[in-house]
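Colleague: Need a 3D model of the following:
(2 chains)
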Amino acid sequence: MSILDIRGLTVEFPSRKDVFTASRNVNLSVDAGKILGVVGESGAGKSTVGNAVIGLLENPGRIAEGEIHLDGKRIDNLAAESMRKLRGKRIGMIFQDPLTSLDPLQTIEFQLVETIRLHLPLSKTEARAHAVDLLDQVGIPNPEERIAQYPHQFSGGMRQRVVIALALCADPEVVIADEPTTALDVSIQAQILKLMKRLCEEKNVAMVVITHDMGVIADLTDHVAVMYRGDLVEYGESKQVLGAPKHPYTQSLIAAVPRPDVKVHRFPQVDYIEGSAKPFKQIDIGTHWLGKARDYKSVDGPLLDVKDITMKFLTKDAWISKNRQYFTALDKVSFDIHAGETFGLVGESGSGKSTMARVITGLYHPAGGTAHFAGQELTSLKDKKQVLAMRRQMQMIFQDPFSSLNSRMRVRDIVAEPIKFHKLASTNSEVNQIVDDLLEHVGLGIAAAAKFPHEFSGGQRQRISIARALATRPRFLVCDEPTSALDVSIQAQILNLLKDLQDELGLTMLFISHDLAVIRQMCNRTGVMRHGQLLEVADTEDLFDKPQHAYTRELLSLMPSMDGLSRQNLEEELA
Amino acid sequence: MFGFISRRIAMALVVMFVVALISFLLFRFVGDPVNQMVGIETTPEQREALRQRLGLNDPVLVQFFRYVLGAIQFDFGNSYQFKQPVADLIGRRLPATLELSFASAIFALLLGIPMGVYTGLNRDSWLSKMFLSVSLVGISLPTFFIGILFIFFFSVTLQWLPSFGRGEVVALGSFWDTGFLTISGLKAIILPAITLGLYQMTLIMRLIRAEMLEVMRTDHIKFARARGLPNRSVYYIHALKNTMVPVITITGLQLGSIIAFAIITETVFQWPGMGILFLQAVQNVDIPIMAAYLLLTAFIFVFINLIVDILYVVIDPRLRTERGRA
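Modeller: Presented below is the predicted three-dimensional model:
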């Protein structure tokens, strides 16, 4: 008898014009103590299924057909108030971003006690004792002391543990985890997954894990459901689905996951997406404006030479300078990047890799060290003209495609802005022509120009960012986690686009990522960073095959990978 | 926390010192005070004797020092027009203005916050739309016009409320006359308080509404719902508190301007507060009053800002560590 049973679930979002069906005839069930994975890319309807179960569909969503049963009782037709009483008590939920899931203005204790007392008939002191106990169970050291703290005093991984404690505080029968580890570093992700697995077994909870990450599915789940555009395309035991996928979409999805073990020339793309293979006008880059007049002088030696860059942030100010306290974000970092190559920086959050990117692009002023770009010292540039010339040669692509585009500007204006600012074209019609070509070239089409950023998906927005970066005809691109907010198939497309552009335009790239598999596919040479220090720089292939530094080896071992599953198979066969 | 507050107070003192300097310079450069005080037939010897007595022949620094010393003891000299100590004049008027400001701030907050929460949560209800359109009137009509409309409607036509004055006042101690303890005093404060507070109410309502819309979209609200919390605690414990920081900033500044610039409302309703005193002072070039008024206004703003800064830290624990360090 399964605890949670979803039968023929169809969720619709009616709008003025038509009805959008977010999930269509989905049948799923989970047993107590088991973990079901729901995997798919954004827009697949996987979160919709989770939200429907817990009764928190966003307006105007509604369950059009189907039934949801919790322990044999139908819950999808409950009144709002009785549904609210189920939430937290019998169905718990864990969200993606631990940094924003907790109320920043209330202590952990307040939030835990509030929730516990809502669901369980306990006094304040009993509830507090229960809360401390829960924090202990989810692995928070010193729960007695830390319970009185505020969310911002916890690290991301610790906050996710608090979120899990909150979701579990009334011993629910079902827990829905929506992308529980997506916002976390690999090492933290491994810990959280382990914790979830342990709690699931100990408390005999049925867990539904919604994720886009095949690695998480392989590590954690017993069963897996693959969703694509609202349809459940494949459902079965995780081992069987991942090992021998039947549906072509599952096959191409698994193929699109970047492989950490072998470098491939181009990413295999999810080719199952119907109607997305629109042929775009290919531009002969050599004769086009983009490729023409790339009058950069070639340089002897490295294009970018960074020496002993140190960056400090003030954490405690004082009038007397020796009393000031600093956080050292970059500690004497030195590396060089040669023309035409892609240099990778890899590390966990807080390692200083993004700070490095900002120092190079001039957004931060370093406390010490030098950076030479094409023979010119960057950190001491004062002359406005020189600064502008330098900015034109270096462009940046940011991680978050949602906040890196001005939402009040049309795409045409966004892409045209750098051209106009640097006065790279003489007439408006010329600018428009260039923008059109750029949009075509990055795979968006001319029609995109008249729209606003919010009309695009994450991957399309990242293409807009790329078009904007290319608009100054740069020779150096800094990509700061350009695909970490994207789905695997979209990631594959964007990374392929970057590779194509690099070939066509001879771009040099600094590529920052926390994802080792992506680094392996993209970079010629790679540096590993931790706590502001550059631990190791090596050719990427060497780094993966013969890691020198202990931390590199640790990172490599934590890499969640599809072969976790095959290893598991192997162990079972051996046993 | 203690270090933070004492640093803030030190900064406030610097501001007050600078304002005192400006207010002192008013005496030095806006006309000759002796000319303001004596008639045409006074002889130069008498004038000189007066200068000597007032200390106007001492070095500037000594005079400034004396001025600041006086100001600390609420001694701002004598008014030119009334020939009375400025402190007494202001002291007699201040309670009226403070009570009016207090009443209008309470009115603005008590109505503005719930209306903001309501319109933020029920964006499309007809009541929200009505609040928003009425509030548009509050923001776009000038204060004196609203005041005159109120007088016309409630005092002249309906004859419910008095059109001017404070009504009966009761003395609380030797300094404070309050209108809050008599029926006629309470009746008298309604119209001016609403007139003065309407704009602030609109501002607070719109601000809370915008912040509410923002906060209700955040993850922690979604998570609070997923934990099964009832709407009441989601709205008022988790959402409203998160809207407070910008609201406090604006409310603080607005409260300062309510107190300092109640002049128009006080004129329309013939409210015997500082505003009218100040207007008379301007008309008669009564510099001691203007200087004292300047100091008082600056003090009110500095004081409110100090409170606002402390409230930030009380409300937002994230600022405690950062500010404590910063």
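Colleague: To what extent is the residue in the stretch 1-150 of chain A that chain B sits nearest to buried, counted in neighbours?
Modeller: Residue nearest to chain B within the stretch 1-150 of chain A (C-beta to the nearest C-beta): A:Gly88, separated by 3.2 Å. Glycine gets a C-beta too; all of them are placed from N, C-alpha and C. Residues lying near A:Gly88 (other C-beta atoms under 10 Å in any protein chain shown) number 27.
Colleague: Does anything pack onto the helix or strand containing B:Gly256? Which helices or strands?
Modeller: In the assignment (DSSP states H and E), B:Gly256 maps to helix B:244-260. Under the contact criterion of 3 or more C-beta pairs under 8 Å, 6 or more residues apart in numbering or on different chains; DSSP states H and E, helix B:244-260 touches helix B:86-121, helix B:183-216, helix B:287-315.
Colleague: I'd like those laid out as CSV, including distance to chain A and mean neighbour count.
Modeller: Listed next are these as CSV, based on distance: least, C-beta to the nearest C-beta, whole Å; neighbours: other C-beta atoms under 10 Å in any protein chain shown:
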stretch, distance to chain A, mean neighbour count
helix B:86-121, 12, 21
helix B:183-216, 10, 21
helix B:287-315, 7, 19
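Colleague: Look at B:Phe24 and report its pLDDT.
Modeller: If you check B:Phe24, the pLDDT there is 82.
Colleague: what helix or strand is the closest residue to it other than its chain neighbours on?
Modeller: Of all residues not flanking B:Phe24 in the chain, B:Tyr67 sits nearest, at 4.8 Å (C-beta to C-beta, 6 or more residues apart in numbering or on different chains). In this assignment (DSSP H and E), B:Tyr67 forms part of helix B:60-72.
Colleague: mind listing what's buried in that helix?
Modeller: B:Gln63, B:Phe64, B:Tyr67, B:Ala71 (16 or more other C-beta atoms under 10 Å in any protein chain shown).
Colleague: for the residues you listed, which one is nearest A:Gln491?
Modeller: B:Ala71 (67.6 Å; C-beta to C-beta).
Colleague: okay, the angle between the helix holding B:Tyr67 and helix B:287-315?
Modeller: Interaxial angle, helix B:60-72 versus helix B:287-315 (axes from the mean of the first three to the mean of the last three C-alpha atoms, to 10 degrees): 60 degrees.
Colleague: any idea how far the residue nearest to B:Phe24 is from chain A?
Modeller: 30 Å (C-beta to the nearest C-beta, to the nearest Å).
Colleague: Against B:Ser23, how distant is that residue?
Modeller: According to C-beta to C-beta, to the nearest Å, B:Tyr67 stands 8 Å off from B:Ser23.
Colleague: again with A:Trp319
Modeller: In terms of C-beta to C-beta, A:Trp319 sits 29 Å off from B:Ser23.
Colleague: Neighbour count: the two, which is higher?
Modeller: Neighbour count, other C-beta under 10 Å: between A:Trp319 and B:Ser23, B:Ser23 has more, with 23 against 6.
Colleague: which residue packs closest to that one, ignoring adjacent ones?
Modeller: Of all residues not flanking B:Ser23 in the chain, B:Ala291 sits nearest, at 4.1 Å (C-beta to C-beta, 6+ apart).
Colleague: Contacts only, for the one you found.
Modeller: Going by C-beta atoms under 8 Å, 6 or more residues apart in numbering or on different chains, B:Ala291 touches B:Ser23, B:Phe24, B:Leu26, B:Phe27, B:Phe76.
Colleague: by how many degrees do the helix or strand hosting the third one and helix B:287-315 diverge?
Modeller: Taking DSSP H and E as the criterion, the element that holds B:Leu26 is helix B:2-29. Here helix B:2-29 points in a direction 160 degrees away from that of helix B:287-315 (the same axes, to 10 degrees).
Colleague: number of nearby residues for residue 144?
Modeller: This is for chain A. Neighbour tally, A:Glu144, other C-beta under 10 Å: 11.
Colleague: that's the other chain; I wanted chain B
Modeller: Neighbours of B:Phe144 using other C-beta under 10 Å come to 13.
Colleague: correct me, but it touches B:Ile263?
Modeller: No. Between B:Phe144 and B:Ile263 there is no contact under C-beta atoms under 8 Å: 10.2 Å.
Colleague: So for stretch A:311-325, what gets flagged as buried?
Modeller: A:Met311, A:Lys312.
Colleague: Would you state the helices of the stretch 101-250 of chain A in chain order?
Modeller: A:108-119, A:124-137, A:143-146, A:156-168, A:186-203, A:214-220, A:238-243, A:248-256 (DSSP state H, counting those that start in this stretch).
Colleague: Can you name the residues of the stretch 1-150 of chain A that neighbour chain B?
Modeller: A:54, A:56, A:84-89, A:92-93, A:95-97, A:100-107, A:114-115, A:118-119, A:150 (C-beta under 8 Å from any C-beta of the partner chain).
Colleague: Can you flag which of the residues you listed belong to strands?
Modeller: A:Gly92, A:Met93 (DSSP state E).
Colleague: Would you list the buried entries among the residues of the stretch 1-150 of chain A next to chain B?
Modeller: A:54, A:56, A:84, A:86-89, A:92-93, A:95-97, A:100-107, A:114-115, A:118-119, A:150.
Colleague: Flag the shaky bits of the chain, pLDDT-wise.
Modeller: Defaulting to chain A. A:1, A:268-298, A:560-575 (pLDDT under 70).
Colleague: Chain B was what I was after
Modeller: Using pLDDT under 70, chain B drops low at B:1, B:27-33, B:36-37, B:174, B:261, B:321-326.
Colleague: okay, which residue is most central for it?
Modeller: When C-alpha atoms, centre = their mean is applied to chain B, the residue found nearest the centroid is B:Ile259 (2.2 Å).
Colleague: Now do the contacts for that one.
Modeller: Here B:Ile259 is in contact with B:Thr97, B:Leu98, B:Ser101, B:Thr297, B:Ile300 (criterion: C-beta under 8 Å, 6+ apart).
Colleague: With B:Ser79 as the reference, measure out to it.
Modeller: 21 Å.
Colleague: Next: A:Asn524.
Modeller: Taken as C-beta to C-beta, the span from A:Asn524 to B:Ser79 is 83 Å.
Colleague: Of these two, which one has the most company?
Modeller: Set side by side, A:Asn524 and B:Ser79 show more neighbours around B:Ser79, with 23 against 16, by other C-beta under 10 Å.
Colleague: Looks like the more buried one contacts B:Asp286 (just checking).
Modeller: Yes. Here B:Ser79 reaches B:Asp286: they are 5.5 Å apart, a contact under C-beta under 8 Å.
Colleague: need the strands for the stretch 301-450 of chain A, in chain order.
Modeller: A:304-316, A:325-337, A:342-346, A:368-373, A:376-377, A:394-397 (DSSP state E, counting those that start in this stretch).
Colleague: Tell me, how many residues neighbour the nearest residue to A:Arg266 once chain neighbours are set aside?
Modeller: With C-beta to C-beta, 6+ apart as the criterion, A:Arg266 has its nearest non-adjacent residue at 5.2 Å, and that residue is A:Asn496. Around A:Asn496 there are 17 other residues, counting by other C-beta under 10 Å.
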